[in-house]
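Trainee: Compute the structure for the input listed below.
(2 chains)
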Amino acid sequence: MTEQKLQEEIERYLSGEMTAQERKQFEALRKEDASLNDKIAEHQLFTQVLKQYNTRMALETRLNAIHDEIDVHTLAESLMIHPSWVVRLWRNHHSKISVAASIAIFGVLSVMFLTGYFSNQDSKYIQLKRDVANLNTKTTLLNQKVAQSAKGGNRYVADRYRGTGFAVTSNGILVTNYHVISEYDSVYVQNAAGKSFKAKVLFTEPQSDIAILKIVDTAFKSLGPIPYTFKKTASDLAESVYTYGYPQDQPVYNDGKITSANGLNGDSLEYQVSVPINPGNSGGPLMDNKGNVIGIVQAKQTQMEGVHFAVKTSYLLSALDSLDQKVTLNTKNTMSNLNSQQQVKKLKNYVFMVKVYEK
Amino acid sequence: MNKEYKDPIPTDSEVILGILNNSESVLKRLYTAYFPMVLQLIINNNGTPDDAKDIYQEAIIILYNKIKAGDFELSSKLKTFLYSVCRRLWLKRLNQMSRYGGDVRDFHDHFQVDEDVDKQNDMNIQFGKMESALQLLGEPCKTIMEDFYIHNLSMQDICERFGYTNADNAKTQKYKCLQRLKKLFFQQK
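Mentor: Residues are numbered from 1 along each chain as shown, chains lettered A, B, ... in the order given. Reported below is the predicted structural model:
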């Protein structure tokens, strides 16, 4: 049987054109031969696809015909969800809009750059900094003023209510700075034991910032012999000196050197010393290490660091001379051979805290 | 969403009966009734009206074949079925075109119709092969094949139409044509 013949047989078999006997024979053949079976199945599938394909084509033609009757364009217009005009504008022209925006931004930045807007920012910043600095200065000044007015507005920052004084004679004549008691109502002095005595102001010498006090309290008894002497001649530079006074409730010892024979702006009234001096030290003695009083500490604050002044003893002596009563100064120095600790121990009974009560 | 049309929307059972009876008017009413719904889906999800036409016709064909094959169960509304199929087909198409943004703007309820769509897809592949095989086959083979296998003409009729001197010649010619067509069809991957 040729291939063509076989094909015809298959077609006749599938279309049911075979006689009953032929059919029987063919089915027997089909059972024996597996390849024939495959061929039949293949042909069946193939013709099926061919027929379905044709059906499909026919259906598509029908559908297309129906579709052509629909006004798709109008329908689409009505069904399209139209976004707001901004979105449409963006969708249709977004490239143009982007370019325009870029150019605009670039232009604005260029103009800002060319007109020096950015550098102006800088100077504004500096101005601001300056303003802040000014404010700071003003605040500091205000603070200082407030602090000064709390202390009485004195040019000297020395404590207006407190200072130091030391004995000149054993019967209670003391010396202190004029600025300590300048606005006094009543003056009390307190000794190392914490006992207070009332004092009166005997004499003041504002030019040399000297005040002479006298203890007038009934409870006061003689101090005993003064251990130190008063040096009449000027002391030399670099001489070791120390102070003893009441910048706080407890007495304070400090030492240093004479750094200049003259005071501020060549003022011959004063020595310049490197002793650390605080407000409250005012009026205390400036001692050399031989036990001589060489000056009265004048706790004047200056803009300079570590620079302080003391009124020279010669001015004290001339002030004492101008007193009504005769003052006999001690001439016997009992401290000259003592070391610093022993000197301070002796000194402490003759140095007083001066307390001034306001007018 | 539904616009008023001259023809009322056919009921679901009307559609099934009409298709089984090859009613042209029911097919037309079905087609026009739900096309706006699909058009709306497609054009609002990155598609053109032509895309909508392709997708909708494919869905109608799936429905048509299902009804013809008799395995269409009316478990949901036809409308929902068509919408789901179109949605599924369009998602596939978007994926192929890499235009799928990950989400579809929906307008109606839908359910899973993967099986139907996949079946249809297989069929479409077969039909695509057949179409190109027939084109390559050329005349007169193509017409002989169509006349014999589709229109079920007898060899005698074919013999007369094509002017063959006898039926055996025609049979030989038909055989050769069939063999070529099969070769062309099965060759394609």
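
Trainee: Spell out which parts of chain A neighbour chain B.
Mentor: Proximity of chain A to chain B, by Cβ under 8 Å from any Cβ of the partner chain, involves residues A:4, A:7-8, A:42, A:46-47, A:49-54, A:56, A:59-60, A:62-64, A:66-67, A:69-70, A:72-73, A:75-76, A:78-81. Where you see a C-beta, it was placed from the backbone N, CA and C, and this is true even at glycine.

Trainee: What distance do you get for the residue lying farthest from the centre of chain B to B:Gln156?
Mentor: Largest separation from the mean C-alpha position in chain B: B:Thr165, at 39.0 Å (Cα atoms, centre = their mean). For B:Thr165, the distance to B:Gln156 (Cβ to Cβ, to the nearest Å) stands at 13 Å.

Trainee: same thing with B:Lys66?
Mentor: Here B:Lys66 is placed at a distance of 38 Å from B:Gln156 (Cβ to Cβ).

Trainee: neighbour count winner among the two?
Mentor: B:Lys66 (19 against 10; other Cβ atoms under 10 Å in any protein chain shown).

Trainee: For the more buried one, pull up the helix or strand it's in.
Mentor: For B:Lys66, the host element (DSSP states H and E) is helix B:49-69.

Trainee: By neighbour count, which bits of that helix are buried? Give me those.
Mentor: B:49, B:51-53, B:55-67 (16 or more other Cβ atoms under 10 Å in any protein chain shown).

Trainee: Which elements pack onto the very next helix or strand once past that helix?
Mentor: Past helix B:49-69, further along toward the C-terminus, the next helix or strand under DSSP H and E is helix B:78-96. Helix B:78-96 is packed against helix B:24-43, helix B:49-69, helix B:114-137, with contacts defined by 3 or more Cβ pairs under 8 Å, 6 or more residues apart in numbering or on different chains; DSSP states H and E.

Trainee: Burial check on A:Glu239, number of neighbours?
Mentor: Neighbourhood size, A:Glu239 [other Cβ under 10 Å]: 14.

Trainee: element containing the residue of the stretch 101-250 of chain A found nearest chain B, please.
Mentor: Closest approach of the stretch 101-250 of chain A to chain B (Cβ to the nearest Cβ) occurs at A:Ala101, with a separation of 25.0 Å. Using DSSP H and E, A:Ala101 maps to helix A:85-114.

Trainee: quick one: that helix to chain centroid distance?
Mentor: 44 Å (Cα atoms, centre = their mean, to the nearest Å).

Trainee: List the buried residues of that helix.
Mentor: For helix A:85-114, it's none, nothing buried (16+ other Cβ under 10 Å).

Trainee: Please apply the same query to stretch A:321-336.
Mentor: Buried-residue list, stretch A:321-336, by 16+ other Cβ under 10 Å: A:Asn330, A:Asn333, A:Met335.

Trainee: measure that stretch end to end?
Mentor: Start-to-end span of stretch A:321-336 (Cα to Cα, to the nearest Å) is 25 Å.

Trainee: what do you get for stretch B:156-167?
Mentor: Span of stretch B:156-167 from end to end, Cα to Cα: 6 Å.

Trainee: what about it and chain A, touching?
Mentor: No: judged by Cβ under 8 Å from any Cβ, stretch B:156-167 stays clear of chain A, getting no closer than 11.3 Å.

Trainee: Residues of chain B that sit close to chain A?
Mentor: So far as Cβ under 8 Å from any Cβ goes, chain B lies against chain A at B:1, B:3, B:24, B:27-28, B:31-32, B:35-36, B:39-40, B:43-44, B:49, B:52-53, B:57, B:60-61, B:64, B:105, B:123, B:126-127, B:130-131, B:145-146, B:149-150, B:171-172, B:175, B:178, B:182, B:185.

Trainee: So what touches stretch A:100-115?
Mentor: If you take Cβ atoms under 8 Å, 6 or more residues apart in numbering or on different chains as the criterion, stretch A:100-115 is touched by A:Phe118.

Trainee: for that stretch, the distance to its chain's centre please.
Mentor: That offset, for stretch A:100-115, works out to 38 Å (Cα atoms, centre = their mean).

Trainee: try stretch B:180-187
Mentor: 22 Å.

Trainee: Dump that stretch to CSV, keeping only the CA atoms.
Mentor: Taking Å, rounded to 0.1, in the frame of the first residue of the first chain, the C-alpha atoms of stretch B:180-187 are listed here in CSV:
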residue,chain,number,x,y,z
ARG,B,180,3.1,19.8,2.0
LEU,B,181,0.6,21.6,4.3
LYS,B,182,1.3,19.1,7.1
LYS,B,183,5.0,19.5,6.6
LEU,B,184,4.7,23.3,6.8
PHE,B,185,2.4,23.1,9.8
PHE,B,186,4.4,20.7,11.9
GLN,B,187,7.8,22.2,11.0
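
Trainee: now the helices for chain A?
Mentor: Secondary structure of chain A by DSSP state H: the helices cover A:3-15, A:20-32, A:34-68, A:72-79, A:85-114, A:117-151, A:178-181, A:313-321, A:340-347.

Trainee: For the second one, buried residues please.
Mentor: Which is helix A:20-32. Across helix A:20-32, burial judged by 16+ other Cβ under 10 Å covers A:Phe26.

Trainee: first to last residue in stretch A:168-187, what's the distance?
Mentor: 17 Å.

Trainee: Drop anything exposed from the residues of chain B next to chain A.
Mentor: Buried among these by 16+ other Cβ under 10 Å: B:27-28, B:31-32, B:35-36, B:39-40, B:43-44, B:49, B:52-53, B:57, B:60-61, B:64, B:123, B:126-127, B:130, B:145, B:149-150, B:171, B:175, B:178, B:185.

Trainee: that older thread, reformat the helices and strands packed on helix B:78-96 as JSON lines; add mean pLDDT and distance to A:Leu142.
Mentor: Converted to JSON lines, the helices and strands packed on helix B:78-96 look like this (pLDDT from 0 to 100; distance: least, Cβ to Cβ, whole Å):
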{"stretch": "helix B:24-43", "mean pLDDT": "87", "distance to A:Leu142": "77"}
{"stretch": "helix B:49-69", "mean pLDDT": "87", "distance to A:Leu142": "81"}
{"stretch": "helix B:114-137", "mean pLDDT": "82", "distance to A:Leu142": "85"}
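
Trainee: Those into a markdown table, with extra columns for distance to A:Arg91?
Mentor: Putting the helices and strands packed on helix B:78-96 into a markdown table (distance: least, Cβ to Cβ, whole Å) gives the following:
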| stretch | distance to A:Arg91 |
| --- | --- |
| helix B:24-43 | 14 |
| helix B:49-69 | 18 |
| helix B:114-137 | 31 |
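
Trainee: Can you say which of those is nearest to A:Lys31?
Mentor: helix B:114-137 (29.2 Å; Cβ to Cβ).

Trainee: Taking helix B:49-69 as reference, get the angle to that closest one.
Mentor: 100 degrees (axes from the mean of the first three to the mean of the last three Cα atoms, to 10 degrees).

Trainee: what's helix B:114-137 in contact with?
Mentor: Contacts of helix B:114-137 (Cβ under 8 Å, 6+ apart): A:49-50, A:52-53, A:56, B:58, B:61-62, B:65-66, B:85, B:88-89, B:92, B:142, B:145, B:177, B:180-181, B:184-185, B:188.

Trainee: Following element in sequence after that helix, please.
Mentor: Later in the chain than helix B:114-137, the nearest helix or strand by DSSP H and E is helix B:141-145.

Trainee: Please state the mean pLDDT value computed over that next one.
Mentor: The average pLDDT within helix B:141-145 is 82.

Trainee: one step back: CA-only coordinates of the helix holding B:Lys66, as CSV, when you get a sec.
Mentor: Taking Å, rounded to 0.1, in the frame of the first residue of the first chain, the C-alpha atoms of helix B:49-69 are listed here in CSV:
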residue,chain,number,x,y,z
PRO,B,49,-9.0,51.6,20.9
ASP,B,50,-7.3,49.1,18.6
ASP,B,51,-5.9,47.2,21.5
ALA,B,52,-9.4,47.2,23.0
LYS,B,53,-10.8,45.8,19.8
ASP,B,54,-8.2,42.9,19.7
ILE,B,55,-8.7,42.1,23.4
TYR,B,56,-12.4,42.3,23.3
GLN,B,57,-12.7,40.1,20.2
GLU,B,58,-10.5,37.5,21.8
ALA,B,59,-12.7,37.5,24.9
ILE,B,60,-15.8,37.2,22.8
ILE,B,61,-14.3,34.3,20.9
ILE,B,62,-13.4,32.6,24.2
LEU,B,63,-17.0,33.1,25.4
TYR,B,64,-18.3,31.9,22.0
ASN,B,65,-16.2,28.8,22.0
LYS,B,66,-17.1,28.0,25.6
ILE,B,67,-20.8,28.3,24.8
LYS,B,68,-20.4,26.3,21.6
ALA,B,69,-18.5,23.6,23.4
